[in-house]
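> Please work out how this folds:
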Amino acid sequence: VTWAGSVADQADVAMRVDSARSTYGVDGSGLRVGILSDSYNSLGGAAADIASGDLPAAGVTVLDEYDDTGSDEGRAMAQLIHDLAPGAELLFHTAFDSAASFAQGIIDLAAAGADVIVDDVIYFAEPMFQDGPIAQAIDTVAAQGVAYFSSAGNIARDGYQSAFQGSGQNLILGGGSLGELHDFDPGAGVDTTQTIYVPVGAAFALSFQWDQPFNSFASSAASGGSTSDIDIHVFDANGSLRGGGWRNNLGGDPQEVFTFTNTTSSPYLQLSISNYSGADPGLMRYAAFGSFEAVEYGGGGTVYGHAAAAGAQAVGAAWYGATPAYGTSPPQIEGFSSAGTTTVLFDTAGNRLASPQVRATPDITAVDGTNTTFFGTDTDNDGLPNFFGTSAAAPHAAAVAALMLQLD
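You can find the predicted model right below:
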């Protein structure tokens, strides 16, 4: 999923980029900025954006367009970068064909001369406790001197992290045991369920993982993968099982990824976690996307995957109207902007590290909610759509990096 010229970008003033350009005489000339998103010109509006000056006169060099129909969020990102660094050359590579293509796109953009690369995509199945192929590609280009920026995400603290705590109670369904239940209560009591709020008719996606190595990418295949099979379940208010993730994880990846639509009559549901087989995890974590709120025991960090790579700058979002230039000091983070931190426990080969790496993501914040020619919804009543999310903040940060590199 993506992180949702003739048009002026309010970030120019909110981030004082207009002042920087005039003070230091920079516009990004001589620099190349690579963009990874869903699509660039699926909707066919690029020519009009070039004609209106909202994209460079030379256009955007497209290394690989999305095979399907996209929203052209990549073109919207290009507009934001062009507004702040109008002299920079822009390149695009889709990140939507597959995770492997995404990783290769990072390498290809760097090979095409990108000095700065920015993305606004996450794959739910990216590892939480280990650097996967996309994160490894970022570290590769960062070592070559490329500045890499990634949207931190738009799911606030809709996550959970804990060691597995045995409750002494088994989950019994259909007369059989699905393993010992996790105790969510951090105190002396025992609570085998976590209450969550999902509006009736709404949906969420959830990525749940535990601290064992992945087996789905080449550098980690020798690890043997997960030695435990941990499951996660969704129950309705009456205690009936409604959904969850129950794959056999033994020898595979230590994760369950599933989507859920609340077709019950109540917005209050229950999550439970059970150990079907193998050792109890020393650390578990989930991140929830969409209409989801943990009523109890929640609040964990939600930045994970390649945005937390050592070579990446994870970018949070602050609305342009909540900055000093628009009367709010200090600037205020968007309520949905994803939070950290991220703990890495394994090397890329799947070996447990001698000491955990705690990465204090997000690294920086930039503004969102600014104008484009076509992408977003007009929320400030100026007749132009506003592009919200860390997907908008990250390209603004990348544009500033291009100006800094030109000055340097």
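> So for the residue minimising distance to the centre of the chain, what's the pLDDT?
Nearest to the mean C-alpha position of the chain, counting by CA atoms, centre = their mean, stands residue 153 at 4.0 Å. The model reports residue 153 with a pLDDT of 98.
> so residue 184 touches residue 195, yeah?
No - if you go by CB atoms under 8 Å, residue 184 and residue 195 don't touch, sitting 9.4 Å apart. Yep, even glycine has a C-beta here, placed from its N, CA and C like the rest.
> Residues that sit against both of the two, list them.
residue 296 (CB atoms under 8 Å, 6 or more residues apart in numbering).
> between those two, which one's more packed in?
Set residue 184 next to residue 195 and count neighbours by other CB atoms under 10 Å: residue 184 wins out with 23 against 17.
> Please enumerate the strands of the stretch 201-350 of the chain.
Applying DSSP state E, counting those that start in this stretch to the stretch 201-350 of the chain gives strands spanning 203-210, 229-235, 241-245, 255-261, 268-277, 284-290, 293-294, 312-319, 342-346.
> Among those strands, single out whichever gets nearest to residue 216.
strand 255-261 (9.3 Å; CB to CB).
> Give me the angle between the closest one and strand 203-210.
Here strand 255-261 runs at 160 degrees with respect to strand 203-210, directions being taken by axes from the mean of the first three to the mean of the last three CA atoms, to 10 degrees.
> Turn the strands of the stretch 201-350 of the chain into TSV, columns for distance to residue 175 and mean neighbour count.
What follows is these, written out as TSV (distance: least, CB to CB, whole Å; neighbours: other CB atoms under 10 Å):
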stretch	distance to residue 175	mean neighbour count
strand 203-210	26	23
strand 229-235	17	21
strand 241-245	14	18
strand 255-261	23	19
strand 268-277	16	21
strand 284-290	27	23
strand 293-294	31	18
strand 312-319	47	27
strand 342-346	37	20
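> I'd like those laid out as CSV, including distance to residue 67 and mean pLDDT.
CSV is the format used below for the strands of the stretch 201-350 of the chain (distance: least, CB to CB, whole Å; pLDDT from 0 to 100):
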stretch, distance to residue 67, mean pLDDT
strand 203-210, 22, 98
strand 229-235, 32, 98
strand 241-245, 28, 98
strand 255-261, 22, 98
strand 268-277, 35, 98
strand 284-290, 23, 98
strand 293-294, 35, 97
strand 312-319, 26, 98
strand 342-346, 31, 97
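> hmm, back to that, leaving out the residues flanking it, which one is nearest to the residue nearest to the centre of the chain?
Of all residues not flanking residue 153 in the chain, residue 338 sits nearest, at 3.4 Å (CB to CB, 6 or more residues apart in numbering).
> where's the one you found relative to residue 138, distance?
Counting by CB to CB, to the nearest Å, the separation of residue 338 from residue 138 is 17 Å.
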